[in-house]
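Asker: Here is my input; please provide its structure:
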Amino acid sequence: VAAEGVPAEQGAPSTAPADDYDAKCSLTIPIARPLAPKKLGKKLFKVAKSSSKVVAAEGVPAEQGAPSTAKCIRRGVKDVAKAIRKGEKGFVVIAGDISPIDVISHLPVLCEEHKIPYCYVPARLDLGQAIGSNTPCSTILITKNDEYKEKYKQWYQRRVRGIAFSTLL
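Answerer: Residues are numbered from 1 along each chain as shown. This next block holds a predicted model:
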């Protein structure tokens, strides 16, 4: 099978996962620092997936009809900024391919003021898929919960050790 615009004898170019990640990283905005490495990004997406299935109030699965305001995850720029201003703790994940930059440029400053760790991932589509959404998501805030405590703790320790706040300035 020939790829579009490529003769059949040459074959389609191979797209390895590493190449895909590198391609996504090359499309990020200039302020997308610290950008999570591939391995750390995978762990981050696992935490996000776990947190999107849990409700903070009772620790019961989200499918059992608890109010959406009690979820352990906040998504979207407005919701994340409001949650940070109200004092919620956790960590923030920001997509690195947002355009225009002005939409998210205030979030790193807000996170640093409230001493909340944050990092960027290359694509908002991947961030949306990690939390079980069909639509891309520009930013999420993941709060701590006992249901996924181990994954949260692993990611948090790696994040704090690997990407220190001093590298953000």
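Asker: From now on I want contacts and neighbour counts done on CA atoms only, so please keep to that.
Answerer: Noted.
Asker: Now do the helices in this structure.
Answerer: For the chain, the helices defined by DSSP state H occupy 17-26, 38-52, 77-85, 107-113, 124-130, 149-162.
Asker: Quick one: closest of the ones you listed to residue 99.
Answerer: Counting by Cα to Cα, residue 99 lies closest to helix 124-130 out of the helices of the chain; the figure is 10.8 Å.
Asker: list the helices and strands that closest one packs on?
Answerer: Applying 3 or more Cα pairs under 8 Å, 6 or more residues apart in numbering; DSSP states H and E, we find helix 124-130 packed against helix 38-52, strand 91-95.
Asker: of all the ones you listed, which lies closest to residue 142?
Answerer: Of all those, it is strand 91-95 that lies closest to residue 142, at 5.5 Å by Cα to Cα.
Asker: Dump the closest one to PDB, restricted to CA.
Answerer: In PDB, the C-alpha atoms belonging to strand 91-95 read as follows (Å, rounded to 0.1, in the frame of the first residue of the first chain):
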ATOM      1  CA  PHE A  91      -0.400  19.900  40.400                       C
ATOM      2  CA  VAL A  92      -1.200  21.500  37.100                       C
ATOM      3  CA  VAL A  93      -0.600  20.100  33.600                       C
ATOM      4  CA  ILE A  94      -0.600  22.500  30.700                       C
ATOM      5  CA  ALA A  95      -0.700  21.600  27.000                       C
END
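Asker: quick one: that strand to helix 77-85, angle?
Answerer: 160 degrees (axes from the mean of the first three to the mean of the last three Cα atoms, to 10 degrees).
Asker: hmm, who's touching strand 91-95?
Answerer: With contact meaning Cα atoms under 8 Å, 6 or more residues apart in numbering, strand 91-95 is reached by 111, 116-124, 127, 137-143.
Asker: Just the ones in strands from those residues, please.
Answerer: 118-121, 139-142 (DSSP state E).
Asker: Tell me which of the helices and strands packed on helix 124-130 approaches residue 102 most closely.
Answerer: Shortest separation from residue 102 across the helices and strands packed on helix 124-130 is recorded for strand 91-95, at 13.1 Å, computed as Cα to Cα.
Asker: The closest one - which strands sit beside it in the sheet, and in what orientation?
Answerer: Using DSSP bridges, the strands paired with strand 91-95 are strand 118-121 (parallel), strand 139-142 (antiparallel).
Asker: Flag every buried residue along that strand.
Answerer: Buried positions in strand 91-95, judged by neighbour count with 16 or more other Cα atoms under 10 Å: 91-95.
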